[in-house]
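# can't give you the sequence, but here's the structure:
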């Protein structure tokens, strides 16, 4: 299963790493990069999730799009097989030297 930075690299056609992607916890609102969060692959290998650095719960889930369709508001389509489910905005900083960013808006039904 790919990690979020690999999938977003495909979407953006630009190489990304986990420290270039920020979001916030929907529970405690702590802003964190994906490399600061913990990646939980053990609980559900077909649906890895990034857990809040404070232990609140998921801040991003990578899901399989079983039939190639994506229900509205569930996440960002990534390739033909995956869905990045983000309950809060994802802020992508492709270059650490420049503070410009790309925003992937929150998916209101990401945790459903």
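Sure, I can see it. Given the structure is predicted, the values throughout are model-derived calculations rather than measurements. Numbering: from 1, shown residues only.
# buried stuff in stretch 2-18?
Under the neighbour-count criterion of 16 or more other C-beta atoms under 10 Å, stretch 2-18 has 2, 3, 4, 5, 6, 7, 8, 9, 11, 16, 18 buried. For the C-beta atoms, the positions are set from N, CA and C on the backbone; glycine is no exception.
# Equivalent analysis for stretch 102-112, please.
104, 106, 107, 110.
# Helices of the protein, residue ranges please.
4-12 (DSSP state H).
# Longest strand in it, please.
strand 58-64 (DSSP state E).
# Could you tell me which other helices and strands that strand packs against?
On a contact count with 3 or more C-beta pairs under 8 Å, 6 or more residues apart in numbering; DSSP states H and E, strand 58-64 meets helix 4-12, strand 21-24, strand 49-51, strand 82-85.
# could you dump the ones you listed to a markdown table with distance to residue 93?
As requested, those are exported to a markdown table (distance: least, C-beta to C-beta, whole Å):
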| stretch | distance to residue 93 |
| --- | --- |
| helix 4-12 | 12 |
| strand 21-24 | 7 |
| strand 49-51 | 17 |
| strand 82-85 | 17 |
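# a markdown table for the ones you listed, including distance to residue 60 and mean pLDDT?
Formatted as a markdown table, the helices and strands packed on strand 58-64 follow (distance: least, C-beta to C-beta, whole Å; pLDDT from 0 to 100):
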| stretch | distance to residue 60 | mean pLDDT |
| --- | --- | --- |
| helix 4-12 | 6 | 92 |
| strand 21-24 | 6 | 97 |
| strand 49-51 | 4 | 96 |
| strand 82-85 | 7 | 91 |
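# quick one: which of these is nearest residue 37?
Smallest distance to residue 37 across these (C-beta to C-beta): 4.2 Å, for strand 49-51.
# The closest one pairs with which strands, and in what direction?
Strand 49-51 sits in its sheet next to strand 38-40 (antiparallel), strand 58-64 (antiparallel), going by DSSP bridges.
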